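S.K.: Would you be able to build a 3D model of this:
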Amino acid sequence: MTGTLLVLPVYADPGPEAVPVETTAEEVPLGSVEEPAADAEVQEGTTEPVAGVPDTAPALTVTRTDVDEFSLVGVTWAADPAVTDVRAQVRVQDAAGAWGEWTEIGPEDASADTASPAAATARAGTSPLWTGPSTGVEVELVTRSGAAPTDVQLDLIDPGDSAADTALGAPEIQDTADAALAMPDVYSRAQWGADETIRRWDPSYASTIKAATLHHTADTNNYTAAQVPDMMRSIYRYHTVSLGWGDIGYNVIVDKFGRLWEGRYGGLASTVVGAHAGGFNTSTFGVSMLGNYDAVDTTQPMVDAVAAIIAWKFSLYNVNPSGTTTLTSSGGGTSRYAAGQSVTLPTIFGHRDVGSTACPGRYGYAKLGEIRSKVATQIGNALPLVAQRYESDAAARSLLGAVTTAPTRTPNGLGAYAHYANGSIYATAATGARILRGPIRDKWASLGWENGSLGYPTTDTTATPDGRGLYQHFQNGSIYWSQATGARTVGGAVRDRWAALGWENGSLGYPVSDWTTTPNGRAQYVHFQKGSVYWSQATGARVLSGPVFEGWARTGFENSPLGMPTTDVTATPDGAGRFAHFQNGSVYWSQASGAHTVGGPIRDRWAAAGWEAGPMGYPVSDWTTTPNGAAQYVHFQKGSVYWSQAGGARWLTGGVYAAWAASGWETSPLGMPVTDTATTPDGGAAYAHFQRGSVYATAEHGTSVLSTDVAAAWGRTGWENGPLGYPTAPPAGTAAAQPAGVTLQRFEGGVVYATPATGAHAVSTAFGAAVDAAGGAQVLGYPTTDVGTTPDGRGSYQHFQNGSVYATAATGARVVRGAVYDLWARTGWENGVLGYPTVSTAATPDGQGLYAHFQGGSVYWTRPTGAHLLRGDVYTAWAAQGWEQGALRYPTTDVTTTPDRKGSYAYFQGGAVYSSAVGGTRVLRGAVLDAWARTGWEQGRLGWPTSDTVAQPGGGTRTSFEHGTITVSASGAATVTVR
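M.R.: Sure thing, here's the model as predicted:
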């Protein structure tokens, strides 16, 4: 026996329970040579020479003695492909204050793929340096290439303490996989105290394992057995957090005592992708020796343990330890091989074979031949097993017939075989010697024999229980054959699911396709006589069949917008249909509706309504994007659901949906729905609101489409509970008869008009009758306000472009417009002397003017005379004269109070009317009026008129006043007589 014999401590068992241990790190910023951090400085050269670096090269340095205790040192910096050759000189101070020797550490050449989740946050850095408990540190950073790093940071890591470190007990991971070899014992992550809360990402998995990569941690070799858990936690913290890899880089770590430690999370028997070889992490098993094996030789227990774990791993994945494999550099590649470059490598190779690094050290690299030999030896020689099976098994000899080839070692070195007249025997140490014959053997041969995807057989070719077929299990799957289906492969989780259903006697029957990986590489499937099983890492193995499967198939299988199935095909609760859910949607089928897809927010909306048992029923169309790409929809038995980013998922039914569809669906002037179809509180109508309007449907009036502003105007009146009631479909041509830009919508109790100039306003039936009587929109124009309540609370009003409508219970609804309206406004509207209108503004019979009657008087207007207010006895006297068609004609003044406050008067085109308590109400015209005016009117010597103008015998007239008379001769001469 060669190598070093190491005696390990004897641990008491049971001991303290292993628990997650919290690690801590103090981060000391150094900045850069160009901009050093506050505590850092730039000096000329390093204290100890660094090979390849001039003595005058700038060195970024920092010294800290005020830090908490730490046990591992690393330096990290912002990742930069140009920064490739950084060297750090490090020395530390122990608790007694003594400084140790300077130690040089280079960059950490192991890394995560740039395609991994770590790529966005990963930093570059040195290899970690285990220092043991320390209280001070000094670091000097230089670069050989001249490209200096930036954002440099010193990481001082404390691994924490655990009583279990010195009382580990037996390794927890033992015989965890059905492998060709017994698994060597491995200490678990839990045993070395991994704190899983700092692990950032779930593991990624490769399709298989093709090779093993040997590393060393480039760390100290002066560690004790009890310190290894501390070292594991420190490296874990440095890789996971400081370098940003999300987890420790290596799959397994081997210490110098020959103990194996579980590294990266995800399962040692799995194909978990590590962060240990840059572009060559995928499909490789990373094993790292704890220590620096460029400085000292490896120990024999370490080499033996490395060989044992690799042999076990290779036996799982049928890897030939003496062969080669072709790997393609992925992600960002490595310093030696760019991304996409294919490289042929030994199946056991050193890290330096794919990167510009010394890893696994000159002594470690020299052990690769020995490791390969040990792995091959441990996998074993299966030659004797073949002959033994044939010679000892009479039934086998009868089945197989005469030997045609002698037992021979398989090309991959893992097994042996012999061919016979009617079949073959293949054997490995793990699987034993197994008989292959007939179509099963032919199928296996077509796949590449033992080097194919199935590996070695683990059972003989055997008849199925139903007597209609044959089957054989292999390391990585099975082959099933029947006369009807031929020989088909099935494996992995797909086979497990089929097995759980009862194999070929279950609901699926025999496989009719091979176990196949989907074109996108993300899933696997097998088609069976009565259905299919699809599997992905995210969704598991799911059974699909019948029209549900066909519906998914139509959308593109695994490339469908639905994604992979997350449930089996299942009967709906009502028993009338079947369904399956997928990552992004579902397929539902019933005899009445067929199979259709539904997904996204539309499915969520349908689900919230009770799925197929809800008011919508089954889908009758697929989940579809509208032609304009702005929305999605699904039609259901009792309606449709439309979704848009702006409106959400909305359910439309009945006349509301039909009206929207008739207006152009999603390209309609209404836009997309923003509410479901709903019923008004009184149950009288169905409605839905849209981006630019609404649709209301009643049994009595049919369906009406309302623009946004019309709907808003109606809403201000109280919707269907207000005076307008429900909208009524407008008579044909009504809307078209309006001027361009004007919208008219009729309601049970009125109309809503909308114009660009006035907006949308409702006109009730009561007001509408007044408007129509006044000439409608041709005279009044369109409403400019909603109906309002007058300040006195006794009436209501609405303004239009050319007038207003005022209404009270006593007076009815009356139109006031033009100059008549202006004068009424000047008098104080309804609160003035006129009160409310009792007659709408109308044209005078002679067509020369306008007038309106009010509670307190009237207003008359002509273009020559203007608008004037008449009321009281003056107005009565004018009316008695024949209104504007009498001798007085139109008023030229308002009824006005005289200066003495004893009466009132108004002037007209043909005279005047004066009224007082003294003389009554008198009409004065012509010479009489002129003569009275010359005396000073009512304040002159004649005073107020006390009689009407009376004709005199023989011609002329006479008018009496308080203090005299005015006589007008037949010739028109006026004589004033004062008593």
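S.K.: Just the helices from the stretch 301-450 of the chain, written as ranges.
M.R.: Using DSSP state H, counting those that start in this stretch, the helices of the stretch 301-450 of the chain run over 361-365, 368-379, 383-392, 394-400, 438-446.
S.K.: An error on my part: the question was meant for the stretch 101-250 of the chain.
M.R.: 228-237.
S.K.: The stretch 501-650 of the chain now?
M.R.: Under DSSP H, counting those that start in this stretch, the stretch 501-650 of the chain gives helices at 546-554, 600-608.
S.K.: Quick one: these as a markdown table, columns for mean pLDDT and distance to Y238 too.
M.R.: Yep, even glycine has a C-beta here, placed from its N, CA and C like the rest. Converted to a markdown table, the helices of the stretch 501-650 of the chain look like this (pLDDT from 0 to 100; distance: least, CB to CB, whole Å):
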| stretch | mean pLDDT | distance to Y238 |
| --- | --- | --- |
| helix 546-554 | 95 | 47 |
| helix 600-608 | 95 | 44 |
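S.K.: Kindly reformat the ones you listed as CSV containing distance to G432.
M.R.: CSV is the format used below for these (distance: least, CB to CB, whole Å):
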stretch, distance to G432
helix 546-554, 39
helix 600-608, 51
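S.K.: pLDDT below threshold where in the stretch 501-650 of the chain?
M.R.: Scanning the stretch 501-650 of the chain for pLDDT under 70 picks out no residues.
S.K.: err, the stretch 351-500 of the chain, not the other one
M.R.: Applying pLDDT under 70 to the stretch 351-500 of the chain flags the ranges 380-382.
S.K.: go with 80
M.R.: 377-383, 412-414, 429-430 (pLDDT under 80).
S.K.: and T197, which of the helices of the stretch 301-450 of the chain is closest to it?
M.R.: Nearest of those to T197, taken as CB to CB: helix 361-365 at 33.0 Å.
S.K.: Mean neighbour count, the helices of the stretch 301-450 of the chain: which tops it?
M.R.: Greatest average neighbour count among these goes to helix 361-365 (a mean of 21), per mean count of other CB atoms under 10 Å.
S.K.: What is that one packed up against?
M.R.: strand 211-216 (3 or more CB pairs under 8 Å, 6 or more residues apart in numbering; DSSP states H and E).
S.K.: and the nearest residue to V21 once chain neighbours are set aside, what does it touch?
M.R.: Nearest non-adjacent residue to V21, counting by CB to CB, 6 or more residues apart in numbering: G193, 3.6 Å away. By CB atoms under 8 Å, 6 or more residues apart in numbering, the contact set of G193 is A18, V19, P20, V21, G160, S162, A164, D165, P229, M232, R233.
S.K.: swap in W102?
M.R.: Going by CB under 8 Å, 6+ apart, W102 touches T47, E48, Q89, V90, R91.
S.K.: Of all the helices of the stretch 501-650 of the chain, which one is nearest G577?
M.R.: Going by CB to CB, the one of those nearest G577 is helix 546-554, 9.0 Å.
S.K.: For the closest one, which outside residues touch it?
M.R.: Contacts with helix 546-554, where a contact means CB under 8 Å, 6+ apart, come from 531-532, 544, 560, 562, 565, 569, 578-580, 582, 587-589, 594-597, 622.
S.K.: Any regions of the stretch 201-350 of the chain where pLDDT drops low?
M.R.: The stretch 201-350 of the chain contains residues with pLDDT under 80 at 278, 318, 331-335.
S.K.: Next, count neighbours for G169.
M.R.: Using other CB atoms under 10 Å, the number of residues around G169 comes to 16.
S.K.: Any figure for the gap between it and D255?
M.R.: If you measure G169 against D255 using CB to CB, to the nearest Å, the figure is 16 Å.
S.K.: Repeat that for A433.
M.R.: Using CB to CB, one obtains 39 Å as the distance from A433 to D255.
S.K.: which stretches of the stretch 751-900 of the chain form helices?
M.R.: 765-773, 776-780, 818-826, 872-880.
S.K.: which strands and helices sit next to the third one?
M.R.: When you say that, I think you mean helix 818-826. Using 3+ CB pairs under 8 Å, 6+ apart, helix 818-826 is in contact with strand 803-808, strand 849-854, strand 857-862, strand 866-870.
S.K.: Present those strands as TSV; the columns should include mean neighbour count.
M.R.: Compiled in TSV, the helices and strands packed on helix 818-826 are given as follows (neighbours: other CB atoms under 10 Å):
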stretch	mean neighbour count
strand 803-808	23
strand 849-854	22
strand 857-862	24
strand 866-870	22
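S.K.: between these, which one is nearest to G610?
M.R.: The nearest among these, by CB to CB, is strand 803-808 at 49.9 Å.
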